[in-house]
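Chemist: Fold the following and give me the result.
(chains A, B, C and D)
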2 protein chains.
Amino acid sequence: MYLDALKKTLKDKKYRMTPQRELVLKVFMDNEDEHLGAEDVYRILFSNKHSVSKATVYRTIELLVEFGFLRKLDFGEGIYRYELAKKNKQHHHFICKNCGKIYEIEEKHLKTLKRELKNQGFVFENFDFKIYGICPNCNKKTKKRKEKKK
Amino acid sequence: MYLDALKKTLKDKKYRMTPQRELVLKVFMDNEDEHLGAEDVYRILFSNKHSVSKATVYRTIELLVEFGFLRKLDFGEGIYRYELAKKNKQHHHFICKNCGKIYEIEEKHLKTLKRELKNQGFVFENFDFKIYGICPNCNKKTKKRKEKKK
DNA sequence: ATAAATGCAAAAGATTTGCCGCGGC
DNA sequence: GCCGCGGCAAATCTTTTGCATTTAT
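Modeler: Just a heads-up that it's a prediction; the model follows:
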């Protein structure tokens, strides 16, 4: 369960589990199919009478992204949205330029993906594909440091 | 050439070609290998003694994206960056979580891409893949309206 | 001539930060 | 007691907007 995993991660890194952190994570668990922005999370908590300050919401979300619980998304609206990062099943997003609706697309080969989308009636104009990770340069340096750390 | 294409597009849509629009497009042409944000463009123009107001820079960039001359990018920094959209060759980006460097990656099948990156020493943590286009719903509606328009 | 585009400054949003006080360890 | 954490308000930063003036066609 996510909450236990969070507790464990926090403990490992000498951070503390707090009611606010639990509440924020729960918002994402309760809205698995949404792509919530920080302000959304704040509003949801607020309207549920759970007072968590905006600053804390922002700080907690950042923490959750850092620990891999959330994935940071951007749909070109000028705000960031987030979703629970289920490590197992990657997926991508199709954003309609007309109505703005967001469809979730399973990961497959690009070619297959394109063919399938076409068959389903999607017309795509451009791709925005980003991969986050560690580049070869940094990787070398990190390896050398690995024994020293931890 | 991009400038002529812009002139043509503007004329077709009953917009006007202006020195400012030309200047902004030129900044991107002169910095093809960069991912410039709006403020960067403003600074570049400003330091070259070409005074174009910030508002115009923002408005022009928006226009250029709309017309497909620029592609809007986001690297999670809280600002948008843009690059000349060369329609022919799609590419993606690899962002190093450690040093922040951005590598450009050619488009291939996902699987092939992953294998190659791994061979080159990249370690990837997560993908952010977005496709922009028109969804089947909107597509239906658009088709029906097509004869009336234009 | 006239509608569109620019410039300027103000406004709007989202996100971050400084600082103080509280509470877990 | 120390240090991480949360709350609050102020600050910051990017992007947008209103309005008067200029300019392309």
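
Chemist: Would you verify that residue A:104 is located in a helix?
Modeler: No. Looking at residue A:104 with DSSP: H, G, I helix; E, B strand; the rest coil, it is strand, so not inside a helix.

Chemist: Touching, it and residue A:89? I think so.
Modeler: No. Residue A:104 lies out of contact with residue A:89 (C-beta atoms under 8 Å); the separation is 10.0 Å. Bear in mind the C-beta positions are built from the backbone N, C-alpha and C, glycine included.

Chemist: who touches the lengthiest strand in chain A?
Modeler: With secondary structure taken from DSSP state E, chain A has its longest strand at strand A:123-134. Residues outside strand A:123-134 that contact it (C-beta atoms under 8 Å, 6 or more residues apart in numbering or on different chains) are A:94, A:97, A:114, A:117, A:142, B:68, B:71-75, B:85, B:90, B:92-98, B:105, B:107, B:117, B:122-134, B:139.

Chemist: Between residue A:104 and residue A:89, which is the more surrounded one?
Modeler: residue A:104 (12 against 8; other C-beta atoms under 10 Å in any protein chain shown).

Chemist: Identify the residues contacting the nearest residue to the more buried one once chain neighbours are set aside.
Modeler: Distances taken as C-beta to C-beta, 6 or more residues apart in numbering or on different chains put residue A:91 closest to residue A:104, at 5.0 Å, once the chain neighbours are dropped. Residues near residue A:91 by C-beta under 8 Å, 6+ apart: A:104, A:105, A:106, A:107.

Chemist: Could you pull up phi and psi at the most centrally placed residue in chain A?
Modeler: Chain A has residue A:71 as the residue nearest its centroid, 1.4 Å off, counting by C-alpha atoms, centre = their mean. Dihedral angles of residue A:71 (phi, psi; degrees, to the nearest 10) stand at phi -110, psi 130.

Chemist: Quickly list what it is bridged to.
Modeler: For residue A:71, the beta-bridge partners are residue A:83 (DSSP bridges).

Chemist: Using the three-state scheme, assign the closest residue to DNA strand C within chain A.
Modeler: Per C-beta to the nearest atom of the strand, residue A:55 is where chain A lies closest to DNA strand C, at 3.3 Å. On the three-state scheme (three-state DSSP), residue A:55 is labelled helix.

Chemist: Compute the number of surrounding residues for it.
Modeler: Residue A:55 has 9 nearby residues by other C-beta under 10 Å.

Chemist: how much space between residue A:102 and residue A:69?
Modeler: Separation of residue A:102 from residue A:69 (C-beta to C-beta, to the nearest Å): 21 Å.

Chemist: Looking at these two, which is more packed in?
Modeler: residue A:69 (21 against 17).

Chemist: you'd agree that one is up against residue A:4?
Modeler: No. Using C-beta under 8 Å, residue A:69 is not in contact with residue A:4, being 11.9 Å away.

Chemist: shouldn't residue A:84 be in contact with residue A:72?
Modeler: No. Using C-beta under 8 Å, residue A:84 is not in contact with residue A:72; the gap is 12.0 Å.

Chemist: sorry, back to before: how about the contacts of residue A:91 in CSV, adding pLDDT and distance to DNA strand D?
Modeler: Shown next, in CSV, are the contacts of residue A:91 (pLDDT from 0 to 100; distance: C-beta to the nearest atom of the strand, whole Å):
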residue, pLDDT, distance to DNA strand D
A:104, 88, 26
A:105, 86, 26
A:106, 84, 30
A:107, 80, 28
